[in-house]
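Undergrad: coords below, sequence missing:
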């Protein structure tokens, strides 16, 4: 499987990647984007199986990127990873096509539970 991790914070990407690596197979691939526009372009080029998307980023935020990716591929699997846990933000992310929402800082158990719940692992 191929995972796309999108966050403008290098530290946040590292934490998400570490959590992913704890539960995936060795042959799985993790690619990274630093903003929503990069994520959209990488999604179109690389066709990842799962995207982890921050909401607050420069150039194109996670709301726009989620909508753009799900407009491009209605079967896209996007999980929001954000510190913005306001009800309105979660609702908007789901309306834009996100399958789930994980609060930052990411917890490996929460990640595993979300992926299991969605049938992705």
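TA: Arrived safely, thanks for sending. Keep in mind that what you see is a predicted model, and the values were worked out from it rather than measured.
Undergrad: how close does residue 26 get to residue 1?
TA: Distance, residue 26 to residue 1, by C-beta to C-beta, to the nearest Å: 12 Å. Yep, even glycine has a C-beta here, placed from its N, CA and C like the rest.
Undergrad: so between the two, which is more surrounded?
TA: residue 1 (14 against 5; other C-beta atoms under 10 Å).
Undergrad: what's the neighbour count on the closest residue to the more buried one other than its chain neighbours?
TA: In space, and not counting its chain neighbours, residue 1 is closest to residue 49: 4.4 Å by C-beta to C-beta, 6 or more residues apart in numbering. Around residue 49 there are 13 other residues, counting by other C-beta under 10 Å.
Undergrad: pull out the buried residues from stretch 53-70.
TA: Neighbour counts over stretch 53-70 (16 or more other C-beta atoms under 10 Å) mark 53-55, 57, 60-70 as buried.
Undergrad: for the worst-scoring helix or strand of the chain on mean pLDDT, packing partners?
TA: Counting by mean pLDDT, DSSP states H and E, the weakest-scoring helix or strand in the chain turns out to be helix 108-117, with a mean of 88. Judged by 3 or more C-beta pairs under 8 Å, 6 or more residues apart in numbering; DSSP states H and E, helix 108-117 is in contact with helix 10-21, strand 100-103.
Undergrad: at 10 Å instead, please
TA: For helix 108-117, the elements it packs on are helix 10-21, strand 50-53, strand 78-82, strand 100-103, judged by 3 or more C-beta pairs under 10 Å, 6 or more residues apart in numbering; DSSP states H and E.
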